[in-house]
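Trainee: Just a sequence and a predicted model for now, questions to come.
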Amino acid sequence: MIIDMHCHFVPGRYFDLVRKRHEFELAEVKAEGENVDIVCRGSHFPLTRTFFDPERQLLRMKKLGIDRTVISLATPLINYYVESSLAVEAARLCNDGFAELISSDPKRFAAWAFLPMQDPQEAAAELRRCVIEHGFVGGHVATNVRGAYLPDERFQPVFDAAVELDVPLFVHPADAAGRERTGDYELTVVAGYLFDTTINIFRMICSGFLDRYPGLKLVCAHVGGYALMLRGRMQREIDTNPALSRSLPRPVGDYLSRLYYDAACFEADYLKFAATIVPSHRLFFGTDAPFLLVDPDPVGFIRRAMPQKEAEQVLGGNFTRLIGH
């Protein structure tokens with residue numbers, strides 16, 4: 001079974017709420033043909049109708065040879081700046097929409113729960129609700145929340161809940177640092193999000209966060225940004241920084257090998273390189289669809305980049321083992 005564990009969807013009632021409430025800062029929606037362009041918090045995002053339509057999602061899956069898709073909320077419509085009560089209302093609305101889609105075709109769809117991370121206690125409660133009542137595979141969290149990266153102690157309730165439930169968290173970039181300098185040429189999307197993922201991963205390592213949560217299962221989007229490529233550079237910093245070297249009991253590579261990653265990276269050589277740093281069973285197939293910035297033949301990309309046996313596991317078996325079904 002080929003499983004796309006990184007695909008975005010926007011439930012209709014959630015989108016209606018975001019359009020209605022000014023706090024979400026959705027300034028413009030322009031639909032023309034298959035395209036749906038939005039301006040959210042001052043940034044332009046080119047979406048398509050597939051983000052909003054289950055039938056188009058199924059057609060996409062059939063065309064690409066994908067058997068099952070794990071949906072998560074599309075990054076432009078994640079807003080951690082709204083106040084807590086509205087955030088909780090929106091998250092429940094979003095996740096109930098995901099649950100409706102799953103119930104319509106449970107063999108084809110699964111979901112990551114969208115969590116109102118600005119209120120960690122409520123986010124933990126929502127994760128429990130979605131996993132226990134709806135059977136979601138885990139939770140979806142951003143690399144940072146209002147500029148606070150995941151090792152911040154305020155997010156402890158969410159991680160405690162994930163460990164208690166024994167479910168993974170999908171860590172996807174949002175609200176990337178430096179957006180004021182990367183607006184041109186879609187550089188926020190091309191590079192900024194990956195830098196934010198990299199920053200978060202190294203913060204999780206250097207802060208001791210991963211040592212405090214040995215049982216936490218974290219799946220990092222886009223092959224972890226640039227973290228794997230910068231392994232040696234980060235290790236040299238630790239080796240020459242007495243405070244860091246005293247606080248970290250393991251090499252950087254050991255920490256990187258404890259994380260999981262989707263394989264959406266466009267470069268076959270980079271995916272091959274990643275498999276030399278982390279065990280191949282920690283790599284999963286993800287497309288980042290239906291954004292336009294995706295590989296046109298994602299299944300073929302995996303099969304061309306990796307040995308046959310490893311490729312087939314990346315395409316489905318690895319993720320099935322992670323979630324247990």
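Mentor: The structure has been received and is ready for your questions.
Trainee: Please, which helix or strand holds Thr69?
Mentor: If you go by DSSP states H and E, Thr69 is part of strand 68-73.
Trainee: Toward the C-terminus, what is the element adjacent to that strand?
Mentor: helix 84-104.
Trainee: What is that next one packed up against?
Mentor: helix 12-20, strand 68-73, strand 109-114, helix 120-134 (3 or more CB pairs under 8 Å, 6 or more residues apart in numbering; DSSP states H and E). Bear in mind the C-beta positions are built from the backbone N, C-alpha and C, glycine included.
Trainee: follow-up on the earlier one: which elements pack onto the strand holding Thr69?
Mentor: strand 3-9, helix 54-64, helix 84-104, strand 109-114.
Trainee: So which of the ones you listed is nearest Gly147?
Mentor: Between Gly147 and the helices and strands packed on strand 68-73, the tightest spacing by CB to CB is seen for helix 84-104, at 16.3 Å.
Trainee: hmm, back to that, looking at the helices and strands packed on strand 68-73, which is nearest to Ala31?
Mentor: Of those, nearest to Ala31 by CB to CB is helix 54-64, at 13.4 Å.
Trainee: Tell me how many other residues surround the closest residue to Pro214 other than its chain neighbours.
Mentor: Among residues not flanking Pro214 along the chain, Arg258 sits closest, at 7.9 Å (CB to CB, 6 or more residues apart in numbering). Counted with other CB atoms under 10 Å, residues neighbouring Arg258 total 20.
Trainee: my read: Arg258 touches Leu210, true?
Mentor: Yes: contact criterion CB atoms under 8 Å: Arg258 and Leu210 qualify, at 6.3 Å.
Trainee: contacting residues around the strand holding Thr69?
Mentor: Residues outside strand 68-73 that contact it (CB atoms under 8 Å, 6 or more residues apart in numbering): 1-10, 14, 57, 61, 94, 98, 101, 107-112, 114, 137, 140, 170, 172, 316, 319.
Trainee: okay, the helices and strands packed on strand 68-73 in a markdown table with mean neighbour count, distance to Thr188 and mean pLDDT next?
Mentor: Putting the helices and strands packed on strand 68-73 into a markdown table (neighbours: other CB atoms under 10 Å; distance: least, CB to CB, whole Å; pLDDT from 0 to 100) gives the following:
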| stretch | mean neighbour count | distance to Thr188 | mean pLDDT |
| --- | --- | --- | --- |
| strand 3-9 | 26 | 16 | 98 |
| helix 54-64 | 15 | 24 | 97 |
| helix 84-104 | 19 | 23 | 97 |
| strand 109-114 | 26 | 21 | 98 |
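Trainee: do you know which of these lies nearest Arg41?
Mentor: Nearest of the helices and strands packed on strand 68-73 (CB to CB): helix 84-104, 14.7 Å.
Trainee: Figure out which of the helices and strands packed on strand 68-73 is closest to Leu228.
Mentor: Across the helices and strands packed on strand 68-73, closest to Leu228 is strand 3-9 (CB to CB), at 17.0 Å.
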